[in-house]
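Visitor: next one to model:
(2 chains)
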There are 2 protein chains.
Amino acid sequence: MNKGLLIIVSGPSGAGKGTVLKEVFDEIESLRYSVSVTTRKPREGEKEGESYFFKSLEEFEDMIERDEFLEYQPVFGNYYGTPKEYVERLRTAGYDVVLEIDVKGAMSVKERVSDAVLIFLTPESKEILRSRLINRKTESAAELEKRVGESIRELETVEKYEYVVVNDTIERCADDIIAIINAEKRKVGRNAEFINRLLERR
Amino acid sequence: MNKGLLIIVSGPSGAGKGTVLKEVFDEIESLRYSVSVTTRKPREGEKEGESYFFKSLEEFEDMIERDEFLEYQPVFGNYYGTPKEYVERLRTAGYDVVLEIDVKGAMSVKERVSDAVLIFLTPESKEILRSRLINRKTESAAELEKRVGESIRELETVEKYEYVVVNDTIERCADDIIAIINAEKRKVGRNAEFINRLLERR
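Guide: Residues are numbered from 1 along each chain as shown, chains lettered A, B, ... in the order given. Model prediction:
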């Protein structure tokens, strides 16, 4: 069995990552989200090892020290990180692991996992991005402006990725991501075991 | 519009390239075979510029001299070559050009077109390759042994390619090639025009 892929999906808020990935997960059985490590307290109903791995700040800092994260970052005073060993274990068991992270996280992972697949999900234009964010109407004008600014700055990082997928319709976008996953599985470098068997090397 | 892909498909005789590619062509409208240049005489019904571009040996050698081929080789005393400019024109018009060539040709093209997509089509094992060739029953035992030997030597070149696709069933194999084509179209480097528009660079 081949090792699973590590797939990073980034894209500005308003690009529709969640909806599209749900479609992709429905199609490809081997996909799994990673479970993050966090220093925030468990909420009602959250289970250790399912929702998150819950750690103290000290434990988290020890893990940073030992380079046990593919990436980590602070969010609202707590730390969140992707545990290297956990992801590796899933991949070795044949699962394709999906990380939905920002460009900073993506670059950190790429540095540590050279065969990671980097996909950038984008709306068709800045105008469409802006109007999607406005239509949410959940924020004040000032908050909205800030979020639009952030999203547009995130858009500017697209060239750091290997693939760009446009979210014009959910279905077409999901199909593109599915194609990328299936194509990556056919890369010669990911099929060493098959090739050794084919060439009767052992 | 993005420039079309240049897709090279290689694989031993008996891997079923023709049948699989027919399926792929039925699915993807933008695919085109290149038209080869040849020094052999036109046969009944063959049309200049459709079946082949027919050239004299002297013209062909002039083209070699001017580096006008992506690859060329002698077959039974005649030359056959893939004309660089013709392929380039198809790609600029948005067509994805498919070349069904051997490893020597593939390496020659790769040297000249760095973004060519190299796909190797293989049966599941040497045994299956051998039995497919035997079942053809069109050759003498000596010819067959020679062809099996050649096919197996061709198999050994799989690692010079970017993608390996196993022809266990025609449909699954065609689906893999379609996925590769669709994924390659999403590569960031092939979408410069879209990205410039997205980022409103002009």
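Visitor: any low-confidence regions in chain A?
Guide: In the predicted model of chain A, residues A:137-138 satisfy pLDDT under 70.
Visitor: rerun that using 90 as the cut-off
Guide: Low-confidence segments of chain A, defined by pLDDT under 90: A:1, A:13-16, A:76, A:130-148, A:150, A:201-202.
Visitor: flag every residue of chain A that's near chain B.
Guide: For chain A, the residues in contact with chain B (Cβ under 8 Å from any Cβ of the partner chain) are A:120, A:122, A:124-126, A:155-156, A:158-159, A:161-166, A:175-176, A:178-180, A:182-184, A:186-188, A:191, A:194-195, A:197-200. Quick note: C-beta positions are derived from backbone N, CA and C, even for glycine.
Visitor: any idea where the strands of chain A begin and end?
Guide: A:6-10, A:31-33, A:36-38, A:52-54, A:69-75, A:78-83, A:96-100, A:117-122, A:163-166 (DSSP state E).
Visitor: which strands or helices does the second one pack on?
Guide: Packed against strand A:31-33, as judged by 3 or more Cβ pairs under 8 Å, 6 or more residues apart in numbering or on different chains; DSSP states H and E, are the following elements: strand A:96-100.
Visitor: sheet-wise, list the partners of the strand it packs on with their directions.
Guide: strand A:6-10 (parallel), strand A:31-33 (parallel) (DSSP bridges).
Visitor: any idea how far the last one is from the middle of the chain?
Guide: The gap between where strand A:31-33 is centred and where its chain is centred comes out at 10 Å by Cα atoms, centre = their mean, to the nearest Å.
Visitor: what's the local residue count around the residue lying closest to A:R197 once chain neighbours are set aside?
Guide: Excluding its sequence neighbours, the residue lying closest to A:R197 (Cβ to Cβ, 6 or more residues apart in numbering or on different chains) is B:S125, at 7.5 Å. Residues near B:S125, counting by other Cβ atoms under 10 Å in any protein chain shown, number 16.
Visitor: now B:S125. Its backbone dihedrals?
Guide: Here is the backbone geometry of B:S125 (degrees, to the nearest 10): phi -160, psi 170.
Visitor: shouldn't A:K110 be in contact with A:V103?
Guide: No - counting by Cβ atoms under 8 Å, A:K110 sits too far from A:V103 to count as a contact (10.2 Å).
Visitor: can you list the strands of chain A in CSV and add mean neighbour count?
Guide: Shown next, in CSV, are those (neighbours: other Cβ atoms under 10 Å in any protein chain shown):
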stretch, mean neighbour count
strand A:6-10, 25
strand A:31-33, 16
strand A:36-38, 20
strand A:52-54, 17
strand A:69-75, 18
strand A:78-83, 20
strand A:96-100, 21
strand A:117-122, 24
strand A:163-166, 24
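Visitor: kindly reformat those strands as a markdown table containing distance to B:D26.
Guide: A markdown table is the format used below for the strands of chain A (distance: least, Cβ to Cβ, whole Å):
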| stretch | distance to B:D26 |
| --- | --- |
| strand A:6-10 | 29 |
| strand A:31-33 | 29 |
| strand A:36-38 | 44 |
| strand A:52-54 | 48 |
| strand A:69-75 | 42 |
| strand A:78-83 | 42 |
| strand A:96-100 | 29 |
| strand A:117-122 | 28 |
| strand A:163-166 | 25 |
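Visitor: now stretch A:86-102: buried residues?
Guide: By 16 or more other Cβ atoms under 10 Å in any protein chain shown, the buried positions in stretch A:86-102 come out as A:86-88, A:90-91, A:95-102.
Visitor: distance between it and the chain's centre?
Guide: Stretch A:86-102 sits 10 Å away from the centroid of its parent chain (Cα atoms, centre = their mean).
Visitor: endpoints of that stretch, how far apart?
Guide: This stretch, stretch A:86-102, spans 20 Å end to end (Cα to Cα, to the nearest Å).
Visitor: so which residues make contact with that stretch?
Guide: A:1-10, A:17-18, A:21, A:25, A:28, A:30-35, A:53, A:70-71, A:82, A:105-106, A:109, A:154, A:181 (Cβ atoms under 8 Å, 6 or more residues apart in numbering or on different chains).
Visitor: ditto for stretch A:128-137
Guide: A:12-16, A:122-123, A:144, A:147-148, A:151-152, A:155.
Visitor: out of the strands of chain A, nearest to A:E139?
Guide: Minimum separation from A:E139 across those (Cβ to Cβ) falls at strand A:69-75, 17.6 Å.
Visitor: does anything pack onto the closest one? Which helices or strands?
Guide: Looks like strand A:69-75 contacts helix A:57-65, strand A:78-83, helix A:84-92, helix A:103-112 (3+ Cβ pairs under 8 Å, 6+ apart).
Visitor: redo the ones you listed as a markdown table? Include distance to B:R130.
Guide: What follows is the helices and strands packed on strand A:69-75, written out as a markdown table (distance: least, Cβ to Cβ, whole Å):
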| stretch | distance to B:R130 |
| --- | --- |
| helix A:57-65 | 53 |
| strand A:78-83 | 47 |
| helix A:84-92 | 34 |
| helix A:103-112 | 42 |
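Visitor: so which of these gets nearest A:I170?
Guide: helix A:103-112 (22.2 Å).
Visitor: tell me the spacing between A:V9 and A:L155.
Guide: 15 Å (Cβ to Cβ, to the nearest Å).
Visitor: actually A:R197, not the one I typed
Guide: 44 Å.
Visitor: which of the two has more neighbours?
Guide: Using other Cβ under 10 Å, the more surrounded residue of A:R197 and A:L155 is A:L155, with 22 against 14.
Visitor: the more buried one is in contact with B:L198, isn't it?
Guide: Yes - here A:L155 reaches B:L198: they are 6.7 Å apart, a contact under Cβ under 8 Å.
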